[in-house]
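Undergrad: Okay, here's the prediction I keep looking at, along with the sequence it came from:
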Amino acid sequence: MRRSARRYPQKLAIIDGSKRITYDEFNKDANRFGNGLLGSGLSKGDKVAFIGSNCSELLITFLGTAKAGMVFVPINPLLKGSEMYFALNHAEVKFAVVEDAFWSTFSDARESLPLLQHAVPILRGGADQNYRDFAHFLSGESTEEIEVIINDRDPVQVLYTGGTTSFPKAAVLTHLSIVMSSLTTALDLKFDHNDIILAAMPLFHVAQLDALGVGLILVGGTIVTVPKMDPTLFLESIDREKITIAGLLSPLFWGVLSHPDFAQYDLSSLKLVYYFGAVMPPALLEAVIEKICPDVFLEFGQTEMSPCATTFKPEDQLRKQGSLGNSGTLVEIEVMDNDGNLVPPGQLGEFVYRSPHVMQGYYNDAQATEAAFQYNWFHSGDLGFMDDEGYVYFIDRKKDMIKTGGENVASIEVEQIIYQDPRVQEVHVIGLPHKRWGEAITAVIVAKPATAITEEEVINRCKQYLAGFKVPKSVIFVDDFPRSAIGKTLKYRLRQQLHDYYDNGLG
């Protein structure tokens, strides 16, 4: 942060609605916040939470916390009171910055937060006036650089993995891991100081904040924040701010492409569109390349990797369809069997990683940390294989493999067949309890708008291409899936919702 402010003092660092913040102003505000933390009685290593949507205050809080040698804990603002209470208590948070829209939920949890010493609202109207707001907290604080000795392996973030598991673990990321992760992203995506990136995914999530946000700060680029993932905001921002780099989770691109005014927006400034998470279905990938930007990039990983493990470059998107790409610049990937043996290309196993940007461990969970680093590799929990060129192919999460009638079935294999039907917008295949099969393969589908598709058609397609034991026993049509705050489908919640489907005689 300090180096970029010295290199590009008058260049725009953040565009947040009507606010335009230069690197010099950004750095000074971060110093004000960090000095304010130290003046509030906190010390190196203490935890500082942020609860809110994408905004300049989140970035100032993060960088100020880091400068003061403290640990940033971004919290999903959509958590319920009890969930927020768990995260804030588990992380031992002492100071919290809370956007006023989420102040009520935070207040419900506050009585159960014995370690919390200070709470500062961001006043946009309606917050509790008895507390100093964020702007007042910064005012009067010194803009001088903070004199705290920070080692490269000191913790700087505690991030709740939350995504697809029911019990969240908290990954501890260090200054080194985030700098190295941002280097991987900046090198692989070819960031430079002329780039303007759209922060459309939540900044409380590691991908948007660390890989992309810190990656842009590293080279002196500009971050444009929008408060939520919305197709209209996405398109308007690209057009208005001449965004060069933008991205979303794969399924959310359907909403952008189907926007009624899509053709009216000028997207010509884009040099790169990225997507995170799962492999993009071929029809969607081709539409994004044709209608949004010809250069499309996938980064795949997880919070524990800060987050990127693989990079799938534009020139490989069609040549290696179905792949997650190969290893990021600072990542080594292998495939390992259950006994700790590295397996040859083409053989199924678990993806394991070595990298300077892997997490330090899980916060206050020595047992989970030890298991994650068994055999001196970080274990991803993802099953797949690697081809002769080092490109990796995801098969399934270990916990998502379906055991049906004594056979193991990868949900993604069934999903890929169903995606061949152009009427399918999104599909997730899960195993549900069944008296005869143990787990019954069940396809849950969101159909594209203004289309009609039947269960019989889906099952017949699967019978044509799959062995009988892999064919879904039932097809369920829904309007949408339970999702995390970044739009990732939560399969465990889907399984919970449909747990009694076969017991109730519906399938």
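TA: Great, that's in hand.

Undergrad: by contact count, what packs against the worst-scoring helix or strand of the chain on mean pLDDT?
TA: Lowest by mean pLDDT, DSSP states H and E among the helices and strands of the chain is strand 407-409, with a mean of 82. When contacts are defined as 3 or more CB pairs under 8 Å, 6 or more residues apart in numbering; DSSP states H and E, strand 407-409 packs onto strand 402-404. The C-beta positions use only the backbone N, C-alpha and C, and glycine is treated the same way.

Undergrad: and if we set it to 10 Å?
TA: strand 402-404, strand 438-447 (3 or more CB pairs under 10 Å, 6 or more residues apart in numbering; DSSP states H and E).

Undergrad: which residues are in contact with stretch 135-148?
TA: For stretch 135-148, contacts defined as CB atoms under 10 Å, 6 or more residues apart in numbering pick out 2, 5, 24-25, 27-40, 43-44, 57, 60, 64, 66-70, 97, 118, 120-123, 131-133, 154.

Undergrad: I'd like the next helix or strand past the least confident helix or strand of the chain.
TA: helix 411-418 (DSSP states H and E).

Undergrad: for that following helix, what is the average pLDDT?
TA: On average, the pLDDT along helix 411-418 is 91.

Undergrad: C308 against T184, yeah?
TA: Yes: using CB atoms under 10 Å, C308 is in contact with T184, at 5.7 Å.

Undergrad: one step back: give me the contact list for the least confident helix or strand of the chain.
TA: With CB under 10 Å, 6+ apart, strand 407-409 has contacts from 348, 396, 401-403, 429, 431, 437-439, 441, 466-471.

Undergrad: Generate a PyMOL selection restricted to the buried entries among the residues you listed.
TA: Applying 16 or more other CB atoms under 10 Å to the contacts of strand 407-409, the buried members can be selected in PyMOL as follows:
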select buried, resi 396+401+402+429+431+437+439+441+466+470+471
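
Undergrad: on that earlier part again, of the contacts of stretch 135-148, which belong to strands?
TA: V97, H118, V120, P121, I122 (DSSP state E).

Undergrad: Go through this protein and flag its longest helix.
TA: helix 23-39 (DSSP state H).

Undergrad: Output the contacting helices and strands for that one.
TA: helix 2-7, strand 12-16, strand 19-22, strand 47-51, helix 56-67, strand 93-99, strand 118-122, helix 134-138.

Undergrad: Could you pull out the buried residues of that helix?
TA: The neighbour-count check on helix 23-39 (16+ other CB under 10 Å) flags 23-38 as buried.

Undergrad: Stretch 317-326 too?
TA: Applying 16+ other CB under 10 Å to stretch 317-326 flags Q317, K320, S323, L324, G325, N326 as buried.

Undergrad: from those residues, which is closest to S237?
TA: When the buried residues of stretch 317-326 are ranked by distance to S237 (CB to CB), Q317 comes first, at 24.0 Å.

Undergrad: Do you know the pLDDT at the closest residue to the closest one other than its chain neighbours?
TA: By the measure of CB to CB, 6 or more residues apart in numbering, the closest residue to Q317 outside its immediate chain neighbours is V296, 5.4 Å from it. Looking at V296, its pLDDT is 97.

Undergrad: ditto for D152
TA: 96.

Undergrad: got the contact list for the nearest residue to it once chain neighbours are set aside?
TA: Closest residue in space to D152, ignoring its immediate chain neighbours: L176 at 4.2 Å, by CB to CB, 6+ apart. By CB under 10 Å, 6+ apart, L176 lies in contact with N151, D152, R153, D154, V156, S306, P356, H357, Q360.

Undergrad: Neighbour count added to those residues, as TSV?
TA: Listed next are the contacts of L176 as TSV, based on neighbours: other CB atoms under 10 Å:
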residue	neighbour count
N151	9
D152	12
R153	11
D154	18
V156	24
S306	32
P356	16
H357	29
Q360	17
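
Undergrad: Great, nothing more from me.
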